[in-house]
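Peer 1: this one's sequence-less:
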């Protein structure tokens with residue numbers, strides 16, 4: 001049975017191995033990640049998948065070859081059958097702060113994108129003038145800031 005991998009603790013508990021690759025295209029140094037060391041620095045409950053507006057541990061990692069900050073991180077050949085990554089929900093509808101420019105509240109978590117779209121459309125009606133997004137992890141699928149261009153196609 002598949003298991004959710006949400007946090008660094010999940011990676012450690014399931015015995016997964018991770019590899020880090022330098023962000024710098026000229027370097028691209030690769031190495032195994034010492035998950036226990038990363039946990040000592042950022043905590044076991046740190047999200048495995050980046051979340052919008054929350055700094056991710058991989059951005060703070062420094063390449064041992066070139067010294068630059070930022071590494072891409074992947075699970076190497078999962079030891080579990082078909083592990084699932086992220087929050088356990090396909091999408092989230094978020095309400096953004098009017099002045100802060102960061103997500104203020106998660107209104108809905110949906111297991112299916114179709115439900116998320118319906119919830120997004122309803123949230124846009126309930127919060128006119130406010131920014132509402134439909135997201136899968138850090139990927140923004142719909143954003144209430146984007147509307148219809150007169151004579152054009154719907155963008156969002």
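Peer 2: On my side now, so go ahead. The structure displayed is predicted, hence computed values, not measured ones.
Peer 1: ok, and for the lengthiest strand in the chain, which residues are buried?
Peer 2: Across the chain, the longest stretch assigned as strand under DSSP state E is strand 103-110. Using 16 or more other CB atoms under 10 Å as the test for burial, strand 103-110 gives 103, 107-108, 110. For glycine as for every other residue, the C-beta is placed from the backbone atoms N, C-alpha and C.
Peer 1: How about stretch 123-142?
Peer 2: Buried residues in stretch 123-142 (16+ other CB under 10 Å): 123-124, 131-137, 141-142.
Peer 1: circling back to that earlier point, which member of the buried residues of strand 103-110 is positioned nearest residue 66?
Peer 2: Nearest to residue 66 among the buried residues of strand 103-110, counting by CB to CB, is residue 103 at 33.3 Å.
Peer 1: in what helix or strand does the residue nearest to that closest one when sequence neighbours are not counted lie?
Peer 2: Distances taken as CB to CB, 6 or more residues apart in numbering place residue 94 nearest to residue 103, at 4.4 Å, with adjacent residues excluded. If you go by DSSP states H and E, residue 94 is part of strand 91-96.
Peer 1: now that strand against strand 103-110, angle please.
Peer 2: Put simply, strand 91-96 runs at 160 degrees to strand 103-110, going by axes from the mean of the first three to the mean of the last three CA atoms, to 10 degrees.
Peer 1: For stretch 54-63, give me every contacting residue.
Peer 2: Outside stretch 54-63, the residues that touch it by CB atoms under 8 Å, 6 or more residues apart in numbering are 8, 20, 22-24, 27, 29, 38, 41-42, 46-47, 50, 68-73.
Peer 1: Show me which helix runs longest in the chain.
Peer 2: For the chain, the helix with the greatest residue count under DSSP state H is helix 113-126.
Peer 1: which helices and strands sit right next to it?
Peer 2: Where contact means 3 or more CB pairs under 8 Å, 6 or more residues apart in numbering; DSSP states H and E, helix 113-126 is packed against strand 91-96, strand 103-110, strand 132-136, strand 139-143.
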